[in-house]
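K.L.:
heads up, no residue letters with this:
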């Protein structure tokens, strides 16, 4: 069965308590995007102008730790992780393997 993004968003528990006007705004802006494995979706200092709702694959958040370099601080499965762009204190990225 094919589901629209509006259906997927409205049926996900994360969005259950959102007011209708916010849901309408989010579903009106939603789009499907796909990233290749090990692709950085955003980095420190990028504008915080996007929200990612991961529907498929795995994602990791990395930060640079002095004397250690890039370190994974969180990894999550599909539909469990959402992130805005523009972490300000550290370098961050989200990786999503292509299926």
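P.N.:
Looks like it came in fine. All values reported here derive from a predicted model rather than from experimental measurement.

K.L.:
Break the chain into its domains for me.
P.N.:
1-31, 33-99 (automatic domain parsing).

K.L.:
Can you flag the weakest of those by average pLDDT?
P.N.:
Note on these: domain 33-99 shows the lowest mean pLDDT, a mean of 69.

K.L.:
re earlier: output the domains of the chain in JSON lines; the columns should cover mean neighbour count.
P.N.:
The way it works is simple: take the backbone N, C-alpha and C, and place the C-beta from them, glycine included. Output for the domains of the chain, formatted as JSON lines (neighbours: other CB atoms under 10 Å):
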{"stretch": "domain 1-31", "mean neighbour count": "11"}
{"stretch": "domain 33-99", "mean neighbour count": "14"}
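
K.L.:
any idea which helix or strand comes after the helix ranked longest in the chain?
P.N.:
Longest helix in the chain, counting residues (DSSP state H): helix 20-29. Tracing the chain C-terminally past helix 20-29 and defining elements by DSSP states H and E, one meets strand 51-53 next.
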